[in-house]
Structure formats: structure tokens, C-alpha cells
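K.L.:
Quick one: sequence plus predicted model below, questions after.
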Amino acid sequence: MLLEIRFHGRGGQGAVTAANMLVKAAWISGLWGQGFPFFGAERRGAPVAAFARISDKPIRIHCEIRSPSIVVVLDERLLTLVDVTKGLVPGGWIIANAKRRISEVLPKSKHYKRARVDATSVALSIGLVMAGWPIVNTAMLGALLKATGIMPIKSLISACMEEWSGKMGELNAQAATRAFNETVIEGD
């Protein structure tokens, strides 16, 4: 098993942190992982990308991910601003922070699985906000785990509690758990 994951977000939303947290949770689960960002002239609010690889064996490749099996979209508006399906393998996953069905936004001719959760509402409802922005990255990781089943949610909760102490760790763990429970798998 080698899963290649691409995260689409906006500068300041935590796409890079999400990739690294997924890797940390993978290690806790006994899996292998690597996470890395793609940097250009990013600024707060501009579209950004980050990447992760998860495997049950050591990962020997260290190159850009061109054909992800999973795409995670942290901001619903990016579904129409960026080609989030670029390179997505047939049968791959699109997991989005979205209130409406992904199939309403993206072309139906693409062959991929879809899951969504309103991670923004989850973050706002529990007070997971920084500098006025809802922090949706850990909620989206909960949605990723629900959709794909690649590892147990308890590994992500442990990773959150190790990464952030006190209330911040608790809020991120709560966001991941709520999103895991509220994720909707879309059928055709």
C-alpha cells in the first residue's frame, strides 16, 4: 500500500500542518509516512498545496506527487479556482470542506469517490479559530480517515495531543473526531 495525498488550501489554513499531522498519525499507527510542502510566492489567503505519502513499508521515493490517490480540499471555493482533480488516479478520493455536494461543483465525468464535511462549521462551533480564521486542517484529517479508513481515528487524536498541549490539543482532537463522525460519503 502506498497512498499519495495532495492537500489544497489557502495560506494560513494549515495545509502543511495537515500533511505533517497525517504522517505523525501514520507513525503512531505503525505505518510509514512523509509530508512536504510546495512553496511558491504564497501569502495568507493564496492557494497553496502540501503533500503526504503513507505506506505500510518504508518509502524510498522522494519526489513530487503527480498522481495522488487522495485529494483533500480545505476551502470549498478552491474546488472551482484550482483544478483539484489534476492527476487524481481513477477511483481516487476527493475529500472537501464543503456544505454542498461535491458533485454539484465538479464535473461528473471524472471517475473518483467523494466525501465532504463542513469543517468550517465544526471549527467555529468549538472555537478553533486563529487570527479570525477557522482552523479546519485537523477536521479535514478526521474526514480523510472516515472516508478512506487508512488508520484509526485514535491515532490522529494521539497525534493532536502530542503536537499541541492543553486546550489547543483538545480542540484539535475534538475537531478531528466531530468531522470523522459528520463526514458524508457521496454516492452518484
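P.N.:
Looks like it came in fine.
K.L.:
Endpoints of stretch 60-72, how far apart?
P.N.:
End-to-end distance for stretch 60-72: 23 Å, by CA to CA, to the nearest Å.
K.L.:
and stretch 91-106, how far out from the chain's middle?
P.N.:
Its chain's C-alpha centre and that of stretch 91-106 lie 13 Å apart, by CA atoms, centre = their mean, to the nearest Å.
K.L.:
go on, stretch 24-44?
P.N.:
With CA atoms, centre = their mean as the basis, stretch 24-44 stands 10 Å off its chain's centre.
K.L.:
So which residues lie in contact with it, not counting its own?
P.N.:
10-12, 15-16, 19-20, 22-23, 48-59, 62, 64, 141, 145, 150-152, 155-156, 158-159, 162-163 (CB atoms under 8 Å, 6 or more residues apart in numbering). For the C-beta atoms, the positions are set from N, CA and C on the backbone; glycine is no exception.
K.L.:
hmm, 6 Å instead?
P.N.:
Contact partners of stretch 24-44, identified using CB atoms under 6 Å, 6 or more residues apart in numbering, comprise 11-12, 16, 19-20, 23, 48-56, 58-59, 151, 155-156, 158-159.
K.L.:
Could you tell me which of these belong to strands?
P.N.:
48-55 (DSSP state E).
K.L.:
What pLDDT does the model give Phe7?
P.N.:
At Phe7, the model reports a pLDDT of 95.
K.L.:
Please verify my assumption that it contacts Thr17.
P.N.:
No. With contact defined as CB atoms under 6 Å, Phe7 does not reach Thr17; the gap is 9.5 Å.
K.L.:
re the thing from before, out of the ones in strands among the contacts of stretch 24-44, which are buried?
P.N.:
48-55 (16 or more other CB atoms under 10 Å).
K.L.:
which helices and strands does the longest helix out of those in the chain pack with?
P.N.:
For the chain, the longest helix by residue count, based on DSSP state H, is helix 166-182. When contacts are defined as 3 or more CB pairs under 6 Å, 6 or more residues apart in numbering; DSSP states H and E, helix 166-182 packs onto helix 119-126, helix 137-148, helix 153-163.
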